[in-house]
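# Everything below, folded, please.
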Amino acid sequence: MKTKLFDKKYYILLSLIVLVVMVYYSDVQSFWHDELYQLGLSGRGNTFGQMIDNYAQLWDYTPPFYAILMWVWIRLVPLSARWLLLPSEVFVTIGVFLIALSGEKIAGKKAGIIASILAGTSSTLILGAGHEFRAYSLLFLTSALLLYVFVLRYQE
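Purely as a prediction, here's the structure:
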């Protein structure tokens, strides 16, 4: 008998292809001003308290959860675009997988594969979220998760 994970092998494969492509091209463009700003807020020059204080004073208008995650991440990895963008790329990859699951729940396996391909080949999603050192990838991930949970609840 097939396991549920094995049934999702195509979604996993497509999502992993998206991750590999994003990681391979992750250092093609330099960080933009807003990404350098994010690095300044979360970077090694700030304590955790200073970063939270900056967010409390609305130095950035995105919710601070991404900055909190990056504050920890920056202290674990070398400072390079490839390493700094990895969490964003992983968030997008998981989001693509969740979009595939949502598509399957709504209209079947073919729809899940099509949804995965459409999400995974979206230049807007890859360049605007996966290759950004900003909270956009986390926004996509939470949106994809909320869609999946909504579809599950709706079907109940």
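
# got a pLDDT number for the residue nearest the centre of the chain?
In the chain, the centroid-proximal residue (C-alpha atoms, centre = their mean) is F91; its distance is 2.3 Å. We have a pLDDT of 97 for F91.

# That one reaches L141, doesn't it?
Yes - F91 lies in contact with L141 (C-beta atoms under 8 Å); the separation is 4.3 Å. Using the backbone N, CA and C atoms, a C-beta is placed for each residue, glycine as well.

# Enumerate every residue touching the residue nearest to the centre of the chain.
F91 makes contacts with A129, G130, S137, L138, F140, L141, as judged by C-beta atoms under 8 Å, 6 or more residues apart in numbering.

# what helix or strand does L39 sit in?
Taking DSSP states H and E as the definition, L39 sits inside helix 33-42.

# So which elements touch that helix?
Counting contacts by 3 or more C-beta pairs under 8 Å, 6 or more residues apart in numbering; DSSP states H and E, helix 33-42 packs against helix 48-56, helix 65-74.

# Out of those, which is closest to L19?
L19 lies closest to helix 65-74 among those, at 16.4 Å (C-beta to C-beta).

# Can you tell me what sits against the closest one?
Under the contact criterion C-beta under 8 Å, 6+ apart, helix 65-74 has outside partners 38-39, 41-44, 46, 48, 51, 55, 60, 84, 87, 133-135, 138.

# Any buried residues in that helix, and which?
For helix 65-74, a neighbour-count test (16 or more other C-beta atoms under 10 Å) marks Y66, A67, M70, W71, I74 as buried.

# For those, give me TSV that also has pLDDT and distance to T124.
Formatted as TSV, these follow (pLDDT from 0 to 100; distance: C-beta to C-beta, whole Å):
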residue	pLDDT	distance to T124
Y66	93	19
A67	91	23
M70	94	22
W71	94	27
I74	94	26
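
# quick one: low-confidence ranges for this structure?
Applying pLDDT under 70 to the chain flags the ranges 1-6.

# Distance from the chain centre to the longest helix along it, please.
In the chain, taking DSSP state H as the definition, the longest helix is helix 81-107. Its chain's average C-alpha position is 6 Å from that of helix 81-107, according to C-alpha atoms, centre = their mean, to the nearest Å.

# for it, which positions count as buried?
Buried positions in helix 81-107, judged by neighbour count with 16+ other C-beta under 10 Å: 81, 84-105.

# got a list of contacts for the helix or strand that it is followed by?
Next in sequence after helix 81-107, counting helices and strands by DSSP H and E, comes helix 109-120. Helix 109-120 is contacted from outside by 10-11, 14-15, 17-18, 95-97, 99-105, 125, using C-beta under 8 Å, 6+ apart.
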